[in-house]
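# I'll drop the sequence and a predicted model, then ask my questions.
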Amino acid sequence: MLRRSLLVSAVLLAGSFGFVGSAKAAPGPSVDATVQFGVSLGNTCVWGTTPTVGVLAVNGADDGLETTTPASVNINCNGSALLTVAAPTQLPGTGETTTNNIATLTTSIGTTTDTGTGVSVTSTGINEDVTVSMTADTVASPQVGSYSYEVVVTAAPL
């Protein structure tokens, strides 16, 4: 009887340990999460291609310089903006100092000079090459030498 009791106890003990490892809970329901993305953008302007270099030559009156090939650069504004151009700045060179240096900015929607109010871009924006030309006066016929200028073009989003 003692043997039978030990045998039954051993079977019960072994059975309880064998079932502990195999008892598993059922998986819970899946849970969804929603994430959102957003941005609030204002008007922006970006200069595109590397500007091309303009070319100057002696004007027809032989009293200054004028553009024979305008400089150009691409501008891309996604909304309203104001495009302006500054007066040409003469860089150091071997040519004489010029006066009355005037720059002109030309787009498909308008033209302005460095003394003008600029070209207003509408809310539809602009994506095109704008051109810049210039003139510079000399006292008489331009003297032999090297003449170089910089012109700053600005695109200000509105």
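Yep, that arrived. Numbers count the residues shown, from 1 in each chain.
# going forward, measure contacts and count neighbours with C-alpha atoms only.
Fine.
# ok now do the residue nearest the centre of the chain, which residues does it touch?
Centroid-nearest residue in the chain: V46, 3.5 Å away (criterion: C-alpha atoms, centre = their mean). In this structure, V46 makes contact with I75, N76, C77, judged by C-alpha atoms under 8 Å, 6 or more residues apart in numbering.
# any idea which element it lies in?
Element membership for V46, per DSSP states H and E: strand 45-47.
# and that strand, which strands flank it?
When sheet partners are counted by DSSP bridges, strand 45-47 sits next to strand 71-77 (antiparallel).
# Tell me the gap between the next helix or strand after the strand it pairs with and the middle of its chain.
Remark: after strand 71-77, the chain's next helix or strand is strand 81-85, criterion DSSP H and E. Strand 81-85 has its C-alpha centroid displaced from the chain centroid by 16 Å (C-alpha atoms, centre = their mean, to the nearest Å).
# Check which element follows strand 81-85 along the chain.
Following strand 81-85 in sequence order, the next helix or strand is strand 89-91 (DSSP H and E).
# Number of residues surrounding the spatially closest residue to L82 that is not a sequence neighbour?
Nearest non-adjacent residue to L82, counting by C-alpha to C-alpha, 6 or more residues apart in numbering: S120, 4.7 Å away. For S120, the count of nearby residues is 20 (other C-alpha atoms under 10 Å).
# ranges for the helices of this protein?
Using DSSP state H, the helices found in the chain span residues 2-20.
# How far away from the center of its chain is the top strand by length along the chain?
Under DSSP state E, the strand in the chain containing the largest number of residues is strand 126-137. Relative to the chain's own centre, strand 126-137 is displaced by 20 Å; criterion: C-alpha atoms, centre = their mean.
# Which neighbours in the sheet does it have, and how are they oriented?
For strand 126-137, pairing defined by DSSP bridges yields strand 64-69 (antiparallel), strand 71-77 (antiparallel), strand 99-107 (antiparallel).
# ok, and what's touching the last one?
Spelled out, that is strand 99-107. 84-89, 111-114, 128-138, 151.
# swap in the first one?
Defining contact as C-alpha under 8 Å, 6+ apart, one finds that strand 64-69 is touched by 54-59, 98, 133-142.
# mind saving the C-alpha coords of it as PDB?
The C-alpha trace of strand 64-69 is given here as PDB (Å, rounded to 0.1, in the frame of the first residue of the first chain):
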ATOM      1  CA  GLY A  64      30.300 103.400 -72.400                       C
ATOM      2  CA  LEU A  65      29.600  99.700 -72.200                       C
ATOM      3  CA  GLU A  66      26.400  97.700 -72.800                       C
ATOM      4  CA  THR A  67      25.200  94.100 -72.600                       C
ATOM      5  CA  THR A  68      25.600  92.000 -75.700                       C
ATOM      6  CA  THR A  69      24.700  88.700 -73.900                       C
END
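# I'm done for today, thanks for sticking with me.
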